[in-house]
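>>> curious how this folds, go ahead:
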Amino acid sequence: SVYGPDEIVSAKKWFLPGLVQIPFNPVDQRAVRSGAISELCREGVEVHIRSAFLQGLLLMPAGTRPVFFDRWSGIWELWNRWLSENSLTPLQVCLRFALQQQGISRVVIGVESAEQLEEVLAAADGVLPVLPEEVQCSEDELVNPSLWQRT
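Numbering: from 1, shown residues only. Next up is the predicted model:
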């Protein structure tokens with residue numbers, strides 16, 4: 001389990017893992033953009049992704065994110081507008097985005113009830129229009145939850 005593509009490069013100096021778990025979502029696309037997922041697949045490594053919802057941040061309704069995230073207001077405005085224009089929920093987009101990415105074997109998520117699981121399974125199935133490129137961000141302060149200001 002790694003926090004970003006750089007850790008994969010470091011780990012591969014010592015051994016080739018059979019499975020890697022890495023964050024990936026519409027905002028944090030570093031694993032794909034860096035070529036890490038493609039490279040791992042070529043090497044026969046199974047890739048599981050986590051943080052498909054960016055720790056829930058992508059599922060929050062407009063105006064409800066903590067003030068710490070205001071500096072990325074342009075991303076949130078674009079995200080919410082695009083969701084509305086395409087009549088999609090954040091859950092649908094996050095799941096479909098992960099599942100439709102070539103090279104990803106599994107998406108790891110948590111649910112609290114059978115109803116949530118049913119909602120997730122229903123949301124995962126369907127078409128996903130191309131996301132605007134401006135939704136993605138590689139700033140560590142946004143994509144690494146361990147750096148988020150806790151209040």
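>>> CA only for contacts and neighbour counts going forward, please
OK.
>>> quick one: contacts of the longest helix along the chain?
Ranked by residue count, the top helix of the chain under DSSP state H comes out as helix 73-85. Helix 73-85 has contacts (CA atoms under 8 Å, 6 or more residues apart in numbering) with 62, 89-90, 131-132, 134-136.
>>> Ile22: which of these is nearest?
Looking at the contacts of helix 73-85 and their distance to Ile22, the nearest is Gln136, at 16.0 Å (CA to CA).
>>> OK, contacts around that closest one?
Counting by CA under 8 Å, 6+ apart, Gln136 has contacts 26-29, 75.
>>> excluding chain neighbours, what is closest to Pro90?
Leu59 (5.4 Å; CA to CA, 6 or more residues apart in numbering).
>>> separation between Arg71 and Pro90?
Going from Arg71 to Pro90 by CA to CA, to the nearest Å gives 20 Å.
>>> tell me which element the residue of the chain most remote from its centre is part of?
Farthest-out residue of the chain from its mean C-alpha position, per CA atoms, centre = their mean: Trp14, at 27.0 Å. Per DSSP states H and E: Trp14 is located in neither a helix nor a strand.
>>> ok, the residue sitting nearest the centre point of the chain to Val143 distance?
For the chain, the residue nearest the mean C-alpha position is Asn25 (1.6 Å; CA atoms, centre = their mean). Separation of Asn25 from Val143 (CA to CA): 9 Å.
>>> residues shared between the contacts of these two?
Common neighbours of Asn25 and Val143 (CA under 8 Å, 6+ apart) are Leu54.
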